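Novice: coordinates only, sequence not included:
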């Protein structure tokens, strides 16, 4: 299973230096197409989505984070840093499965 990054061009470049493939997107249509392509691929096990891109399609990303197991969708900070209005990973896990980290 592979990891795929969908997001800000700088994040995609950084992950590519570590050997992780990705797709840079700049609007909601490109983000949706990238997610569709990732779900169509049988090789992708984890999809990392930067917060700035996730914000463009927040409803879909939130639904995928809570309900998709393969591939697992994880929202990561964008190069600008963590948005203060976003829940932490611990809060997401608590809401999803009721376990406090």
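Specialist: The structure has been received and is ready for your questions. In this text the structure is predicted, and so the values were computed from the model without any measurement.

Novice: would you list the phi and psi of residue 78?
Specialist: phi -80, psi 170 (degrees, to the nearest 10).

Novice: going forward, begin numbering at 44 instead of 1
Specialist: Renumbered: residue one is now 44, and that last one reads residue 121.

Novice: does it have beta-bridge partners, and which?
Specialist: On the basis of DSSP bridges, residue 121 is bridged to residue 124.

Novice: looking at the chain, which helix is longest?
Specialist: When the chain is parsed with DSSP state H, its longest helix is helix 71-83.

Novice: ok, residues contacting that helix?
Specialist: 47, 49, 66, 68, 87, 90, 92, 96, 99-100, 103, 107, 114 (Cβ atoms under 8 Å, 6 or more residues apart in numbering). All C-beta atoms are positioned from the backbone trio N, CA, C, and that covers glycine.

Novice: swap the cut-off to 7 Å and go again
Specialist: Applying Cβ atoms under 7 Å, 6 or more residues apart in numbering, the external contacts of helix 71-83 come out as 47, 49, 66, 68, 87, 90, 96, 99, 100, 114.

Novice: I figured residue 59 was touching residue 65, is that so?
Specialist: Yes: if you go by Cβ atoms under 7 Å, residue 59 and residue 65 touch, sitting 6.1 Å apart.
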